[in-house]
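**Q** Just a sequence and a predicted model for now, questions to come.
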Amino acid sequence: MSILITGGAGYIGSHVQKLLLKQSEDVIIVDSLITGHKEAVLSDKFYQGDIRDRAFMNKVFKENKIDAVIHFAASSLVGESMQDPFKYYDNNLYGTACLLEEMRLNGVNKIVFSSTAATYGEPKNIPITEDDETNPTNTYGQTKLSMEKMMKWFDKAYGIKYIALRYFNAAGADTEGVLGEAHMTETHLIPLILQVPLGKREYISVFGNDYDTIDGTCIRDYIHVEDLASAHYLAVKSLLNGDESTVYNLGNGLGYSVSQVIDAAKKVTGYDIKVKFEGRRAGDPAKLVASSEKISKQLGWAPKYPQIEKIIQDAWNFHQKHPNGF
Ligand code: UFG
């Protein structure tokens, strides 16, 4: 099959690209390279440009026979989304509207896309299921939820089928060491912890140790990026088999506290990582753990690397090889 990946030079998109190429699928990448990396593009079919550029996207669709789209191109920093909501509505919502319209005009009617646990907001139940209430507490999560709703109406009007994958905490790196996480602005826990043994930071700040959890630090559900990639592949195949539009959570169902992640990183790297306890970060729920039962049952997905040590080990391998990104 022939798959267009928007944002294919980014962290998760590039790993999905690698898996599809390994399966001998045809992969076309679109990326503006604003946050993505040319070095992460492994496919020889690469177009640099913005999904909001309709003429550009029309050209991509006209020059390739595309069976389905996997859509990653979006802004994804929670903090930034609260400072600059316009950027998030413009890039995420308007960008998706442009993409869907070009898909419609070019007769492509299947799309898998990255949604987020941030669509739920402060959860009422743990583990969180897809039927739980969505009540985003930040602009980023709100735009992702609105993207899901937009797809629902494009499906009703034009029969464009979609699968939204609500990721919990994407982490880790390519098990073969080629790709990894290299954000210009790093805000995620695991890469920040690894900056300490890399000598790029003196200590890791822990945001809050007075939560109602086993050790007072926040609990999150970390999912290996290769497990995310396998879910995208299953989701595309499901749509191409004629399955209906739907939403799936993607997590391990295992929660680790910030302190447990730091301890695991100490074990993996062999460094005594210095920790500084600080106040809570605004908007952090105490505990976010996914129920991924729906995608397991319906698509047969199961995480291959649920253990936090393996997730950190693969991230560590990449960061040691690429201490300054790609
Ligand atoms: N944390 C620290 N110190 C740091 C960085 C993070 O203690 O220097 C803590 C956070 O407070 C949080 C946990 O580590 O408790 C994980 O934080 P991340 O920033 O790595 O991830 P989040 O859980 O905040 O965010 C992730 C995704 C978002 C998504 C969100 C959904 O990165 O894109 O889950 O809830 F919106």
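**A** Right, received. Where do you want to start?
**Q** So what does the residue nearest to Ala290 when sequence neighbours are not counted look like in phi/psi?
**A** Once flanking residues are discounted, Ala290 sits nearest to Gly251: 2.8 Å by CB to CB, 6 or more residues apart in numbering. Bear in mind the C-beta positions are built from the backbone N, C-alpha and C, glycine included. When quoted as degrees, to the nearest 10, the phi and psi of Gly251 stand at phi -150, psi -180.
**Q** Quick check: the gap between Gly251 and Ala9.
**A** When CB to CB, to the nearest Å is applied, the distance between Gly251 and Ala9 equals 25 Å.
**Q** so where do the helices sit in the chain?
**A** Across the chain, reading from the start of the chain, the helices by DSSP state H fall at 11-22, 54-63, 78-83, 85-88, 95-105, 139-158, 189-194, 225-240, 258-269, 293-299, 308-321.
**Q** just the CA coordinates of the shortest one, formatted as CSV?
**A** Listed in CSV are the C-alpha atoms of helix 85-88, where the atom choice follows Å, rounded to 0.1, in the frame of the first residue of the first chain:
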residue,chain,number,x,y,z
PRO,A,85,-3.4,29.5,21.2
PHE,A,86,-3.6,31.0,17.7
LYS,A,87,-0.6,28.9,16.6
TYR,A,88,-2.4,25.8,17.8
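**Q** Near the ligand, which residues of the stretch 101-250 of the chain are found?
**A** For the stretch 101-250 of the chain, the residues in contact with the ligand under the definition CB under 6 Å from any ligand atom are 116-118, 140-141, 169, 187-189, 192, 204-207, 218, 220.
**Q** If we use 5 Å, what do you get?
**A** Taking CB under 5 Å from any ligand atom as the measure of proximity, the stretch 101-250 of the chain contacts the ligand at 116-118, 188-189, 192, 205-207, 218, 220.
**Q** Using JSON lines, please lay out those residues together with neighbour count.
**A** Putting these into JSON lines (neighbours: other CB atoms under 10 Å) gives the following:
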{"residue": "Thr116", "neighbour count": "25"}
{"residue": "Ala117", "neighbour count": "23"}
{"residue": "Ala118", "neighbour count": "26"}
{"residue": "His188", "neighbour count": "16"}
{"residue": "Leu189", "neighbour count": "21"}
{"residue": "Leu192", "neighbour count": "14"}
{"residue": "Ser205", "neighbour count": "13"}
{"residue": "Val206", "neighbour count": "21"}
{"residue": "Phe207", "neighbour count": "16"}
{"residue": "Cys218", "neighbour count": "24"}
{"residue": "Arg220", "neighbour count": "24"}
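**Q** Let me have those residues in CSV, extended by pLDDT and distance to Glu226.
**A** As requested, those are arranged in CSV below (pLDDT from 0 to 100; distance: CB to CB, whole Å):
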residue, pLDDT, distance to Glu226
Thr116, 97, 19
Ala117, 96, 19
Ala118, 95, 22
His188, 96, 17
Leu189, 97, 19
Leu192, 97, 21
Ser205, 98, 28
Val206, 98, 27
Phe207, 97, 28
Cys218, 97, 24
Arg220, 97, 18
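**Q** In strands only, show me these.
**A** When DSSP state E is applied, these are split such that 116, 205-207, 220 fall in strands.
**Q** ok so, going back, verify the contact between the residue nearest to Ala290 and Val289 for me.
**A** Yes - using CB atoms under 8 Å, Gly251 and Val289 qualify as a contacting pair, with a distance of 6.6 Å.
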